[in-house]
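A.B. asks: Below are the sequence and a predicted model for it; my questions follow.
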Amino acid sequence: MTAATAQSAPQERNGNDRSEAIRVENLHKTFGELEVLKGVSLTAHEGDVVAIIGGSGSGKSTMLRCINFLETPTSGRIVIGGEEVAMRPDGSPASRRQIEHIRQRLGMVFQSFNLWSHKTVMENLIEVPVHVLKVPKEEAIERARTLLARVGLSDKADVYPAFMSGGQQQRAAIARALAIEPRAMLFDEPTSALDPELVGEVLNVIRDLAKEGRTMLLVTHEMKFAREVSDHVIYLYNGRIESGLNKSYGIDFV
């Protein structure tokens, strides 16, 4: 299933000449005797925003975690930016070095923020760029300050996560994911752990990223928001994609 482009999207997101950012083919995942994913396939091109909806236990988060190899697929193909992930017959990655390289292209935002509690917000943002990507520290700090301003947290650089609201922590987590300059962003129900009054501030940040033409896969229960920002919505049910709705064909969202 291909995530096509919305008519109302920016001009650079139109046309069929955009390269593939993420492709998943016939993805299966089992936990013991429980088969969670039963042959899921999708494609997102550069600039696509794909919302993934469905009930609890339908396999949404598992699919996202398999794309980033936080969960090991049982079988299937995963291609990131034209590079296919080499997998053994049991689905495990054949090269840990390749997985590390792939993860540097994918910014992941989790339900529960996953900030390092013993580090300040600034230290959270520069940890991977400095120690993994070998970005000079001053350059990483400068970029981190720009990102914090972008998510409305300029005054929180030296604050520890425990002294921030849930919405502030999630915005910091988005900034941290952006700090590696990813090819695509993966959002795993980014507002599910927030109090209702804090949801809007996080959705506003994601909305701005969509307007920039960022490639995003977004697992969400925020149906109105999915309709607003997504080019394509897929409905996952019982481990399978049951339907896909696409703005460019004039099909409305449910």
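C.D. replies: Looks like it arrived, so ask away.
A.B. asks: what ranges do the helices span in the stretch 51-200 of the chain?
C.D. replies: Counting by DSSP state H, counting those that start in this stretch, the stretch 51-200 of the chain forms helices over residues 60-67, 96-103, 121-131, 137-150, 166-178, 196-211, given from the N-terminal end onward.
A.B. asks: Let me have those helices in TSV, adding distance to Leu186, mean neighbour count and mean pLDDT as columns.
C.D. replies: Quick note: C-beta positions are derived from backbone N, CA and C, even for glycine. Compiled in TSV, those are given as follows (distance: least, C-beta to C-beta, whole Å; neighbours: other C-beta atoms under 10 Å; pLDDT from 0 to 100):
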stretch	distance to Leu186	mean neighbour count	mean pLDDT
helix 60-67	5	23	94
helix 96-103	10	14	92
helix 121-131	15	20	96
helix 137-150	17	16	97
helix 166-178	8	24	96
helix 196-211	12	17	92
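A.B. asks: Kindly provide the distance from the nearest residue to Arg171 once chain neighbours are set aside to Glu222.
C.D. replies: In space, and not counting its chain neighbours, Arg171 is closest to Val151: 4.2 Å by C-beta to C-beta, 6 or more residues apart in numbering. Applying C-beta to C-beta, to the nearest Å, the value for Val151 to Glu222 is 18 Å.
A.B. asks: can you list the weak-confidence ranges in this structure?
C.D. replies: In the predicted model, the chain carries pLDDT under 70 at residues 1-17, 244-254.
A.B. asks: So for it, the centremost residue is which one?
C.D. replies: Centroid-nearest residue in the chain: Leu186, 0.6 Å away (criterion: C-alpha atoms, centre = their mean).
A.B. asks: Looks like Ser165 contacts Val202 (just checking).
C.D. replies: No. In terms of C-beta atoms under 8 Å, Ser165 does not count as a neighbour of Val202; the distance is 10.6 Å.
A.B. asks: From Leu217, how far out is the residue nearest to Arg171?
C.D. replies: 19 Å.
A.B. asks: Of the two, which one has the most company?
C.D. replies: Leu217 (28 against 23; other C-beta atoms under 10 Å).
A.B. asks: Output the helix or strand where the more buried one lies as PDB, nothing but the C-alphas.
C.D. replies: Remark: Leu217 resides in strand 216-219, with elements defined by DSSP states H and E. Backbone C-alpha positions of strand 216-219 (Å, rounded to 0.1, in the frame of the first residue of the first chain) are rendered in PDB as follows:
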ATOM      1  CA  MET A 216       6.500  10.800   9.200                       C
ATOM      2  CA  LEU A 217       4.800   7.600  10.300                       C
ATOM      3  CA  LEU A 218       2.300   8.500  13.100                       C
ATOM      4  CA  VAL A 219       0.600   5.900  15.300                       C
END
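A.B. asks: Number the chain from 702, please
C.D. replies: New numbering, starting at 702: the last item is strand 917-920.
A.B. asks: Could you identify the helix or strand that succeeds that strand?
C.D. replies: Toward the C-terminus, strand 917-920 is succeeded by helix 924-930 as the next helix or strand (DSSP H and E).
A.B. asks: Tell me how far that next one lies from the chain's centre.
C.D. replies: Using C-alpha atoms, centre = their mean, to the nearest Å, the distance from the centre of helix 924-930 to the centre of the chain it belongs to is 16 Å.
A.B. asks: Quick check: which helices or strands does it pack against?
C.D. replies: Helix 924-930 sits against strand 750-754, helix 897-912, with contacts defined as 3 or more C-beta pairs under 8 Å, 6 or more residues apart in numbering; DSSP states H and E.
A.B. asks: buried ones in that helix?
C.D. replies: By neighbour count, and taking 16 or more other C-beta atoms under 10 Å as the criterion, the buried residues in helix 924-930 are 926-927, 930.
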